[in-house]
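**Q** Pasting the sequence and the predicted coordinates here, then a few questions.
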Amino acid sequence: MSRRGPAAYAERSAWWRLGLFAILLLACVLVPFALWGEAFDRAAPAWLSAQDARLWLAALGIALLVADVALPVPSSVIGMLLCWGLGPLWGGLAVATGCLLAFALGYVLGRLLPEARLRRWIGAALWDRARASAQRQALWWIVAARPLPVLAELSALLAGVWRVPPLAAFAHAALSSCAVGALYGASAWLGLSEPHPAAMLPTMLALPALVWLIHRILLRRLLAGAGSAVSREHDRGVAP
């Protein structure tokens, strides 16, 4: 047997285990939808409709959006009811807050998973590559996943599992949560019965590109400033 044989087999096995891990995480999100999704679809709007005080309506709506990490809450319905009941501005802010807190809960749950055991089981080399790639590309997949059911919860869990730095993770999640809240508020303002895909899709595509552009501009300026400082220090050191 060639030397590449055992190595190739180990690599394939690691990929299979990583795929199985992703499927298990996805099952944790989908199984509650299959078991209790219909019941929550009926109950959640009734709970919100029963709230007369705006503060209680906002608190209950945010709590339901946070619970969407583990329970089959109809987040799109909750978002629109919040915007109808509180108005586009305050409803959009409530939706953005709920989305961000839901990400925080998913991130914490992901951090609670035993990374060292998962790394040994899947394989250190593949796990480290996947984690490094996730951390480098966090800007893209965290921002793009926030408006999408199931993927929003899954991305929060993976951000915690792969130890994406909290500052980067929450900055991107906050930005995309604000965009989601703005979409729901705009949909309510336009009198639509649900968020319009034609409005949501351009935002999902444009938001990561916009953030990447801002990131590159700031990074270029920081690097230019650092280079100027190093150059000044060098000139000072070589001056007679």
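**A** Here it is on my side, so go on.

**Q** Hmm, residue 156 is touching residue 69, no?
**A** Yes. Contact criterion CB atoms under 8 Å: residue 156 and residue 69 qualify, at 6.8 Å. Bear in mind the C-beta positions are built from the backbone N, C-alpha and C, glycine included.

**Q** what touches both of the two?
**A** 102, 105, 106, 109 (CB atoms under 8 Å, 6 or more residues apart in numbering).

**Q** Keep only those of the residues you listed that are in helices.
**A** 102, 105, 106, 109 (DSSP state H).

**Q** quick check, nearest of the residues you listed to residue 13?
**A** residue 109 (27.1 Å; CB to CB).

**Q** measure that closest one to residue 126 for me?
**A** Note on residue 109: its distance to residue 126, by CB to CB, to the nearest Å, is 23 Å.

**Q** So which of residue 156 and residue 69 has more stuff around it?
**A** Taking neighbours as other CB atoms under 10 Å, residue 156 and residue 69 compare with residue 156 leading, 27 against 24.

**Q** Not including adjacent chain positions, what is the nearest residue to residue 90?
**A** Excluding the flanking residues, the one nearest residue 90 by CB to CB, 6 or more residues apart in numbering is residue 58, at 7.1 Å.

**Q** Same check on residue 135?
**A** residue 164 (5.4 Å).

**Q** which residues touch residue 89?
**A** When contacts are counted by CB under 8 Å, 6+ apart, residue 89 touches residue 185.

**Q** tell me which element the spatially most central residue of the chain falls in.
**A** Among the residues of the chain, the one closest to the centroid is residue 142, at 4.0 Å (CA atoms, centre = their mean). Per DSSP states H and E: residue 142 is located in helix 138-145.

**Q** Packing partners of that helix?
**A** With contacts taken as 3 or more CB pairs under 8 Å, 6 or more residues apart in numbering; DSSP states H and E, helix 138-145 sits against helix 151-161, helix 166-189, helix 197-238.

**Q** what's the least confident stretch among those?
**A** Lowest mean pLDDT within the helices and strands packed on helix 138-145: helix 197-238, at a mean of 53.

**Q** Report the mean per-residue pLDDT for the helix holding residue 142.
**A** The average pLDDT within helix 138-145 is 75.

**Q** Check whether residue 164 sits in a helix, strand or coil.
**A** The three-state label given to residue 164 by DSSP: H, G, I helix; E, B strand; the rest coil is coil.

**Q** Check whether it really touches residue 134, as I assumed.
**A** Yes. Using CB under 8 Å, residue 164 is in contact with residue 134, at 6.3 Å.

**Q** okay, the two: which has more neighbours?
**A** For residue 164 and residue 134, the more surrounded residue by other CB under 10 Å is residue 164, and the numbers stand at 27 against 18.

**Q** Show the pLDDT at that one.
**A** pLDDT recorded at residue 164 is 86.

**Q** Look up how far residue 108 lies from it.
**A** 13 Å.

**Q** Give me the common contacts of these two.
**A** With CB under 8 Å, 6+ apart as the test, residue 164 and residue 108 reach no residue in common.

**Q** Surely residue 77 touches residue 43?
**A** No. Look at residue 77 against residue 43 with CB under 8 Å: they stay out of range, at 11.0 Å.

**Q** Determine the longest helix present in the chain.
**A** Assigned via DSSP H, the chain shows its longest helix as helix 4-49.

**Q** mean confidence for it?
**A** Mean pLDDT, helix 4-49: 73.

**Q** Buried ones in the helix or strand just after that helix, by neighbour count?
**A** Toward the C-terminal end, the helix or strand that comes next after helix 4-49 (DSSP H and E) is helix 54-67. Using 16 or more other CB atoms under 10 Å as the burial criterion, the residues of helix 54-67 that qualify are 57, 58, 60, 61, 62, 64, 65, 66, 67.
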